[in-house]
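[1] Coordinates only, no sequence provided:
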């Protein structure tokens, strides 16, 4: 006998299957957009850390771990690799000399900007090949997706 998987409604408009489809498509988009020539030498974790540091300008390791949902050991390793590559540097926190801040270097900002541009170009080309109706639906969904991202 084949077991039928029960589809539980998340709301009147979304089922568990809808949620699974959304998670799968977001994961696929994320993986495809991560694959840039510029960032090929970095792991996905290193790239996420570099992007977060560039966005912040300078940030403490504890705050960075919390923002990125990373354990301190993994984060420390990623920061060390980025520092060895000359993409970030550690500086003493002027507000608390016992703590360190992670700061992007000019090379780190440049790599971030190139990788970001490549990702935007890849996405823009894919959107350009989509139908007008699909582009309008994606644009209309952006506010709800942004809100969803904030809730996570």
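    Structure's in. What do you need? What you are looking at is a predicted structure, and each value in this text was computed from that prediction instead of being measured. Numbers count the residues shown, from 1 in each chain.
[2] And the helices in this structure, which stretches?
    Assigned helices in the chain, in chain order: 16-34, 44-56, 61-68, 72-84, 106-129, 132-151 (criterion: DSSP state H).
[3] what is the rounded mean pLDDT of stretch 98-108?
    Stretch 98-108 carries an average pLDDT of 92.
[4] how distant is it from the center of its chain?
    Put simply, stretch 98-108 sits 19 Å off its chain's centre (C-alpha atoms, centre = their mean, to the nearest Å).
[5] now what about it, what contacts it?
    Here stretch 98-108 makes contact (C-beta atoms under 8 Å, 6 or more residues apart in numbering) with 50, 53-54, 57-62, 64, 79, 82, 86-93, 112. For the C-beta atoms, the positions are set from N, CA and C on the backbone; glycine is no exception.
[6] filter the residues you listed to the buried ones?
    Buried members of those, scored by 16 or more other C-beta atoms under 10 Å, are 50, 53-54, 59-61, 64, 79, 82, 87-89, 112.
[7] Looking at this protein, which strand is longest?
    strand 96-104 (DSSP state E).
[8] Give me the sheet partners of that strand and which way each runs.
    strand 59-60 (antiparallel), strand 88-93 (antiparallel) (DSSP bridges).
[9] Mind putting those into TSV with mean pLDDT?
    Formatted as TSV, those follow (pLDDT from 0 to 100):
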stretch	mean pLDDT
strand 59-60	92
strand 88-93	90
